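Peer 1: Just the structure for this:
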Amino acid sequence: MNLRTIYSKYFTLCIIAMLAATSCRHDPPKPTDTEPDPAKTQYPLEVANILVKKCATAGCHNESSYTGAGSLRLDDWQYLFDGSANGAVAIAYSPENSSLLYFLNPSPGEYDNISVEPTMPYNESPLSKDDYNIIKNWIANGAPDKNGNIPFGSNPDTRQKAYMTQQGCDLVGVIDAEKMVTMRYIKVGSVQNKIESPHFIAVDNQGAYAYICLTAGSVIQKIDTKTDKVVGEVSIANYKGGFNFNVLHLSQDGKKLLASQLDGTGAIVMINTETMTIMSSLATLDNPHGIAANPTFDTFYITGQYGNTIYKVVQGASVQKISMDGKPSVTKSTPGVTPDAHEIIMAPDYSKYFLTCENTYEIRVMDRLGDSLLKAIPVGKKPQEMAVSKSKPYLFVSCMEDVSQVSALFKGSIYIINYNTLDVVKRIDGEFYQPHGMAVDDKNGKVYIASRNSNANGPAPHHTSDCGGRNGYYQVFDLNTLTPANNRRYEVTPDPYSIGMRFK
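Peer 2: The predicted structure follows:
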């Protein structure tokens, strides 16, 4: 039995148990229910004849009853792309990642690889293979409306989006900032039939390009954010095969990219983003990870993953070692003693920088000019990533392994620190499981938080994925109230890890 079959059977059992209580409860028909005319919808007619006549029916996914059917509305084209209570169900050009097809597929192996219960249409005859293929091919061709409009295809130069790496499937998910649902998946990596684990994503300030590194790959790739396609890459194979490049950091003008390699003799590499060529190797350090820079992008602060050391790398000068705890500099971890700085981020005014110390459960705040400790702020267990708001004086910190105060079903917390006063504003205990990547959308007043959910004890996914594994999810919080923007857990493919915002 192959791995995909095992996962499919496991998830099917989980889904059957939870669907009755959550996402697929079908209310009885209401007196006001009317059958829409397929020809008057925005679907192409052959698609409308299936989705409208067989799915958007009384008691199911129409205007009157969709809230009792997983909040999925299917009676017209535009509603389909609002998704359901579990996130996007149809993603243009990605039938393999459109969960709608999993529920419409009554015959795994004959129609397609993945089928989950309960199969749809609910309490009706299953779709024929021809009907199923009409929906599948329509999604593969972009899921256009009857006039040829692709969902989320308008305003490519100005559409605000979030980009999220999916380590388990070699995908980058693209989230529309207005509807907050996944609108595209971008296939990344350079080797077929191998998971290269897209790890970190950085989006330039101009909103033109995003860049990813793959911890099990040998390239750094460039994505055009107008087309959401990979348009370039640079080989880093000369640096120990290119493996374990973990973090990227862009200059303010987007023309230079710094990359760090988490290794005992890890490289720090400077890349010209216009030509996608290596400009120089700045240094070789002991397990370098997080990167921050000064405004002129000629002085870099790089965390040593183990020990108490920050490296200060000035172009044309020797590397300086900064101790973050006042003790002699060390590059080995001692449990509960050495800070083991994971990530680093500058304050918006560049007066200080913040470090997530995953071994001592704290944020250390350092004065940038004097490189001296200003304050150690206790936070939750295993602090990982940080994100900064510029409209609010907030620094968000994901504590991936913190004990949840919501329920034993969840794990992790988010700490919010005022980066001016250095006080903790709030601890958020949401329905997280291993929260990691975050992004702040100051324009719309939202915060995106990704839960990896890679542990089998986490919340059971709503469905499986095309590449197997255990699906993760993201949630959206209101920046003003620091409460959930809605009750949705937007399910995505396995191991959502890093998030970057286009147009912050």
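Peer 1: Leaving out chain neighbours, which residue sits closest to Pro378?
Peer 2: Here the nearest residue to Pro378 in space, its sequence neighbours aside, is Glu362; by Cβ to Cβ, 6 or more residues apart in numbering that works out to 5.3 Å. Glycine gets a C-beta too; all of them are placed from N, C-alpha and C.
Peer 1: How about Asp402?
Peer 2: Counting by Cβ to Cβ, 6+ apart, Gly380 is the residue found nearest to Asp402 once chain neighbours are left out, at 3.3 Å.
Peer 1: surely that neighbour meets Asp429?
Peer 2: No: between Gly380 and Asp429 no contact is recorded; they are 9.3 Å apart, counting by Cβ atoms under 8 Å.
Peer 1: before we move on, back to that, where does the residue nearest to Asp402 fall, secondary structure wise?
Peer 2: Assigned by DSSP states H and E, Gly380 belongs to neither a helix nor a strand.
Peer 1: helix/strand/coil for the spatially most central residue of the chain?
Peer 2: The residue lying closest to the centre of the chain (Cα atoms, centre = their mean) is Met164, at 3.1 Å. Per DSSP: H, G, I helix; E, B strand; the rest coil, the secondary structure class of Met164 is strand.
Peer 1: tell me the contacts of it?
Peer 2: For Met164, the set of contacting residues under the criterion of Cβ atoms under 8 Å, 6 or more residues apart in numbering consists of 172-175, 201, 437, 448, 450, 474, 492, 496-500.
Peer 1: Let's see if you can find the most crowded of these.
Peer 2: Within those, most neighbours by other Cβ atoms under 10 Å means Pro496, with 32 neighbours.
Peer 1: ok, back up a step: so which of Gly380 and Asp429 has more stuff around it?
Peer 2: When neighbours are counted by other Cβ under 10 Å, Gly380 comes out ahead of the other of Gly380 and Asp429, with 22 against 17.
Peer 1: Okay, now the unreliable bits of the stretch 101-250 of the chain?
Peer 2: Across the stretch 101-250 of the chain, no stretch falls below the confidence threshold (pLDDT under 70).
Peer 1: how many other residues sit next to Tyr306?
Peer 2: Counted by other Cβ under 10 Å, the residues lying close to Tyr306 total 21.
Peer 1: how much space is there between it and Gln261?
Peer 2: From Tyr306 across to Gln261, the span is 14 Å (Cβ to Cβ, to the nearest Å).
Peer 1: ditto for Ile417
Peer 2: In this view, Ile417 and Gln261 are 29 Å apart by Cβ to Cβ.
Peer 1: With Asp253 instead?
Peer 2: Asp253 is 24 Å from Gln261, where distance means Cβ to Cβ.
Peer 1: When these two are compared, which one has more neighbours?
Peer 2: Gln261 (25 against 11).
Peer 1: ok, now which ones touch that one?
Peer 2: Contacts were defined as Cβ under 8 Å, 6+ apart; by that measure Gln261 touches 236, 239-240, 243-246, 267-269, 288.
Peer 1: Out of those, which is nearest to His462?
Peer 2: Asn246 (30.2 Å; Cβ to Cβ).
Peer 1: thought that closest one was touching His199?
Peer 2: Yes: contact criterion Cβ under 8 Å: Asn246 and His199 qualify, at 5.9 Å.
Peer 1: hey, what's in contact with both of those two?
Peer 2: Once Cβ under 8 Å, 6+ apart is applied, the residues that Asn246 and His199 both contact turn out to be 213, 215.
Peer 1: Make sure Val47 is indeed in a helix.
Peer 2: Yes: in this structure, Val47 lies within a helix as judged by three-state DSSP.
Peer 1: buried sites along the helix or strand hosting Val365?
Peer 2: With elements taken from DSSP H and E, the one containing Val365 is strand 362-367. Along strand 362-367, the positions that meet the burial threshold by neighbour count (16 or more other Cβ atoms under 10 Å) are 362-366.
Peer 1: Ok, stretch 97-111 next?
Peer 2: Counting neighbours by 16+ other Cβ under 10 Å, one finds that the buried residues in stretch 97-111 are 97-106, 111.
Peer 1: One more: stretch 453-464?
Peer 2: Across stretch 453-464, burial judged by 16+ other Cβ under 10 Å covers 453-454, 458-464.
Peer 1: what about that stretch, distance to the chain center?
Peer 2: Relative to the chain's own centre, stretch 453-464 is displaced by 16 Å; criterion: Cα atoms, centre = their mean, to the nearest Å.
Peer 1: Give me the distance between the two termini of it.
Peer 2: As for stretch 453-464, its first-to-last residue distance stands at 13 Å under the measure Cα to Cα, to the nearest Å.
Peer 1: can you pull out the helices in this protein?
Peer 2: Using DSSP state H, the helices assigned to the chain run over residues 3-19, 45-54, 77-80, 99-104, 129-140.
Peer 1: which strands and helices sit next to the fourth one?
Peer 2: Translated: helix 99-104. Helix 99-104 makes packing contacts with helix 129-140 when contacts are defined by 3 or more Cβ pairs under 8 Å, 6 or more residues apart in numbering; DSSP states H and E.
Peer 1: now the helix it packs on against helix 45-54, angle please.
Peer 2: Inter-element angle recorded for helix 129-140 and helix 45-54: 120 degrees (by axes from the mean of the first three to the mean of the last three Cα atoms, to 10 degrees).
Peer 1: Pro484 - how many residues pack around it?
Peer 2: There are 16 residues near Pro484, going by other Cβ under 10 Å.
Peer 1: which residues does it contact?
Peer 2: For Pro484, the residues meeting the contact criterion (Cβ under 8 Å, 6+ apart) are 430, 475-478.
Peer 1: Counting neighbours, which of those end up buried?
Peer 2: Buried by 16+ other Cβ under 10 Å: 430, 475-477, out of the contacts of Pro484.
Peer 1: Out of the residues you listed, flag the one nearest to Glu63.
Peer 2: Out of the buried ones among the contacts of Pro484, the one with the shortest distance to Glu63 is Val476. That distance is 24.4 Å, counting by Cβ to Cβ.
Peer 1: who touches that closest one in this structure?
Peer 2: 180, 446-449, 484-486, 488, 490.
Peer 1: among these, which are in strands?
Peer 2: When strands are assigned by DSSP state E, the members of those inside them are 446-449, 490.
Peer 1: Now the two most distant members of the residues you listed.
Peer 2: The widest separation within the ones in strands among the contacts of Val476, taken as Cβ to Cβ, falls between Val447 and Tyr490 and amounts to 13.4 Å.
Peer 1: Kindly reformat the buried residues of stretch 97-111 as CSV containing distance to Glu274.
Peer 2: Conversion of those to CSV gives the following (distance: Cβ to Cβ, whole Å):
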residue, distance to Glu274
Asn97, 32
Ser98, 35
Ser99, 39
Leu100, 40
Leu101, 40
Tyr102, 42
Phe103, 45
Leu104, 45
Asn105, 45
Pro106, 51
Tyr111, 46
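Peer 1: and which of the residues you listed is nearest to Leu355?
Peer 2: Within these, proximity to Leu355 (Cβ to Cβ) peaks at Asn97, which comes in at 36.0 Å.
Peer 1: Low-confidence bits of the stretch 301-450 of the chain, can you list those?
Peer 2: By pLDDT under 70, the stretch 301-450 of the chain contains no weakly predicted segment.
Peer 1: can you map out the strands along it?
Peer 2: Using DSSP state E, counting those that start in this stretch, the strands assigned to the stretch 301-450 of the chain run over residues 309-314, 320-323, 341-346, 352-357, 362-367, 372-378, 383-388, 394-403, 411-418, 424-428, 435-441, 446-451.
Peer 1: what's the closest of the ones you listed to Gly148?
Peer 2: strand 435-441 (29.9 Å).
Peer 1: which other helices and strands contact the closest one?
Peer 2: For strand 435-441, the packing partners by 3+ Cβ pairs under 8 Å, 6+ apart are strand 161-166, strand 383-388, strand 394-403, strand 411-418, strand 446-451, strand 496-502.
Peer 1: Mind listing residues that contact that strand?
Peer 2: Under the criterion Cβ under 8 Å, 6+ apart, external residues in contact with strand 435-441 comprise 160, 162, 164-165, 177, 384-390, 394, 396, 398-400, 412-414, 446-452, 479, 496-501, 504.
Peer 1: Thanks again, I'm all set now.
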